[in-house]
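K.L.:
what follows is a predicted structure for the sequence shown.
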Amino acid sequence: MAGYVEDRWYKKGPVDPETGKAPQVETDLYKKCKRYRVCGIPGVRKRSFERKADADAWKAKAQADILRGEFVDHRDGNVTLAQYITTDYWPTKTGDPATLHTVETRINVRIIPYLGELRLNAIKVPQLRKYLADINERYAAATVIEAWGTLSSILQAAVDDEKIAKNPCLAKTVRPPSKPERKARAWSRERVMAVRAGLDDRFRVMVDLGVGAGLRQGEVLGLSVEDVEGDLIHVRRQVRVVRNRLVYSLPKGGKTRTVPLPKYLAEQLAEHVERFPPLEVELPWTNPAAPENDKQAAERAPQRHRLLITGERQQGAMRRGVFNEGPWKRALVAAGVIPPPPPRPARTAEDRARKARGNTKYAAAPDDGFHALRHTFASVQLDARESVVAVSKWLGHSDPSITLKIYAHMMPEADGRGRAAMDAWFAGDS
């Protein structure tokens, strides 16, 4: 294969007429640079070495890697991780705007401050061990696992872009922590009703929709009066936050679905509509950013829907975070699920008059969020021996195996029918 090693310090001088040989003479680069340079390999930049043995070894490896289609010039990895993300990786990312925003935040907060100044080809296993130790000190295991997965995706993209030869995140001696197992927990009827009673009247139907139909919180907030038809609920959209702006989008996984409407829930919805008439709310579809072309304009065109759940002052769609840290936490306190917040002395007479509940700091409740209602729905259905396939469909899971993985521990114990069947089988075989 083409390629040779050039001596940059010496060249052949004029031929000596007496000997007929051309002696070596010093070049202008003598002792001003590395002496040996590998040249002449098609598609490979020249590379210099101090020793000829090193130049020969690199030339042979480069030629072999080219033949296998695996050659990577490590000098391409001289850019910092932050530069690579900014110029190469992030501009090519596409997908759901909310997910992209989450990933961007994860990169800016949990990756770049720790590794951003390192060159790509300097990120090795020792640096990753220190990175894991640093973020383990600050974040929970689930957060560390997410950051690690994102970092590995970035470094794998650098491999595919031929910036580095391999992804150090795949090394066997460095691994993120294991995610602690957290089984889905269903609430008792007493707790559900106590939390429901602690909510403002206009939000109580949210509990009914979570427990009675298994809707996710964003799907409840995006439910319109037109989505309720006969004894069915059509789950067609959700309300979510993208870059601090509310938008409509398809439910999780981009899938709509239909859920049966129990009689009790139908009655609660009818009463809610009578007391709190639906409000027509216009929001962008999926992405709140200004469109840059006709295709984006069509995809992001605002939609109007008559929402069943709106803000406390009927000003528009309800923000999930506002509900969770306000009405929901107050209801959890009223039901005795979490302790009341510590008393906070008013600073001024204006504060006392205002009684701003929105600034109250409640205890964390990671296992007692709105999603517990969805778990309760699944628990009731499975305990009644409803088909796992049907429950999976109603929950909007992409596959029944996901439902089993999450809720298998909620399924009723075997009641002896299996043992009786085996006894009958053996009896018939004798």
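P.N.:
That came in fine, so what should we check first? Numbers count the residues shown, from 1 in each chain.

K.L.:
so what's the residue lying closest to Val207 once chain neighbours are set aside up against?
P.N.:
Distance criterion C-beta to C-beta, 6 or more residues apart in numbering; nearest residue to Val207, sequence neighbours excluded, is Arg196 at 4.3 Å. (Each C-beta comes from the backbone N, C-alpha and C, glycine too.) Contact analysis of Arg196 by C-beta atoms under 8 Å, 6 or more residues apart in numbering lists Arg204, Val207, Asp208, Ala331.

K.L.:
from these, which is closest to Arg240?
P.N.:
Arg240 lies nearest to Val207 out of the contacts of Arg196, by C-beta to C-beta, at 20.1 Å.

K.L.:
wasn't the closest one part of a helix?
P.N.:
Yes. Assignment of Val207 by DSSP: H, G, I helix; E, B strand; the rest coil places it within a helix.

K.L.:
residues touching it, list them.
P.N.:
Val192, Val195, Arg196, Leu199, Leu373.

K.L.:
redo the contacts of Arg196 as TSV? Include distance to Gln127.
P.N.:
Compiled in TSV, the contacts of Arg196 are given as follows (distance: C-beta to C-beta, whole Å):
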residue	distance to Gln127
Arg204	53
Val207	49
Asp208	52
Ala331	47
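
K.L.:
pull the most distant pair out of these.
P.N.:
Top of the distance list for the contacts of Arg196 (C-beta to C-beta): Asp208 and Ala331, 13.6 Å.

K.L.:
in the stretch 1-150 of the chain, which spans are strands?
P.N.:
Using DSSP state E, counting those that start in this stretch, the strands of the stretch 1-150 of the chain run over 4-7, 10-12, 24-26, 36-39, 47-49.

K.L.:
paired strands for the last one, with orientation please.
P.N.:
Translated: strand 47-49. Sheet pairing of strand 47-49 (DSSP bridges) gives strand 36-39 (antiparallel).

K.L.:
can you list contacts of the strand it pairs with?
P.N.:
3-8, 44, 46-52, 54-55, 58-59, 62.

K.L.:
tell me, how many residues neighbour Asp231?
P.N.:
11 (other C-beta atoms under 10 Å).

K.L.:
what about it, distance to Met206?
P.N.:
20 Å (C-beta to C-beta, to the nearest Å).

K.L.:
likewise Lys166?
P.N.:
Plainly put, Lys166 is 50 Å away from Met206 if you go by C-beta to C-beta.

K.L.:
and if you look at Thr258?
P.N.:
20 Å.

K.L.:
looking at those two, which one has more neighbours?
P.N.:
Remark: of Thr258 and Met206, Met206 carries more neighbours, 25 against 14, as counted by other C-beta under 10 Å.

K.L.:
just give the nearest non-adjacent residue to the more buried one, would you?
P.N.:
Val220 (5.2 Å).

K.L.:
ok but the one you found is inside a helix, no?
P.N.:
Yes. Assessed by three-state DSSP, Val220 belongs to a helix.

K.L.:
in contact with it, which residues?
P.N.:
Met206, Leu209, Gly210, Ile309, Phe370.
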